[in-house]
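Colleague: what's the 3D shape of this:
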Amino acid sequence: MHSPAEPARRAVADIHELLSLVDLADMIVFEERGRRIEWTDEEVAKHDFPMTSNSLGISSAGSAHYFRFRIVFTDRGAEYVADFCAQYDVSEDVSVSDEIATDFAERVAFMATYPFLRASIFGSASRLNQPVPILGLVKLGDFHVGETMPDSDVNEAFGDNVSELL
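Modeller: Here you go, the predicted model:
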């Protein structure tokens, strides 16, 4: 709610208007790693490889809007984590609805971020001397935002930013 002294911000009408107001300002790396994994025979029998887990976080602060994508890719020999965030700066003081932000995440932000995620997993596998997983091409319309995660799941997916030495 806005106070009487603070005028309400104009709402963005649709994704096309939002596209005319934003610039990609930064690609922030939150985590990038690979590690070898040793599975027991029982674990191998229980799982279909490769396994993936994908998460998306959308947030904003001032004129900046953040679209954070995290992929965990696990194969028989290794596990890879790529966690990148596209920061878009908006040129006007406007409000963006959740629906338009989701549409932007699916159609624009993911497409900007996905090459970085793919390259991260490719590079990690190469450095570990593991077979390099090829993450397929994602075409417009293939990526869809899922259900909203409970706070506990958000913290589990995105909250691991404390030193392992503490």
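Colleague: Can you read off the pLDDT for the residue nearest the centre of the chain?
Modeller: By Cα atoms, centre = their mean, the chain has its centre lying nearest to residue 69, at 0.6 Å. The model reports residue 69 with a pLDDT of 93.
Colleague: What is the helix or strand hosting it packed up against?
Modeller: Following DSSP states H and E, one finds residue 69 within strand 64-74. The contact analysis (3 or more Cβ pairs under 8 Å, 6 or more residues apart in numbering; DSSP states H and E) places strand 64-74 against strand 22-36, strand 51-61, strand 78-90, helix 98-104, helix 110-127, helix 151-158. All C-beta atoms are positioned from the backbone trio N, CA, C, and that covers glycine.
Colleague: could you dump the ones you listed to JSON lines with mean neighbour count and distance to residue 13?
Modeller: JSON lines is the format used below for the helices and strands packed on strand 64-74 (neighbours: other Cβ atoms under 10 Å; distance: least, Cβ to Cβ, whole Å):
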{"stretch": "strand 22-36", "mean neighbour count": "14", "distance to residue 13": "14"}
{"stretch": "strand 51-61", "mean neighbour count": "14", "distance to residue 13": "18"}
{"stretch": "strand 78-90", "mean neighbour count": "21", "distance to residue 13": "14"}
{"stretch": "helix 98-104", "mean neighbour count": "16", "distance to residue 13": "8"}
{"stretch": "helix 110-127", "mean neighbour count": "18", "distance to residue 13": "22"}
{"stretch": "helix 151-158", "mean neighbour count": "13", "distance to residue 13": "29"}
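Colleague: where does this structure dip in pLDDT?
Modeller: Applying pLDDT under 70 to the chain flags the ranges 1-7, 148-151, 154-155, 157, 159-166.
Colleague: Repeat the analysis, applying 50 as the threshold.
Modeller: Confidence mapping of the chain against pLDDT under 50 gives the ranges 1-3.
Colleague: if we can go back for a sec, now the nearest residue to the residue nearest to the centre of the chain once chain neighbours are set aside: how far from residue 85?
Modeller: Nearest non-adjacent residue to residue 69, counting by Cβ to Cβ, 6 or more residues apart in numbering: residue 113, 4.9 Å away. Computed as Cβ to Cβ, to the nearest Å, the residue 113 to residue 85 distance reads 8 Å.
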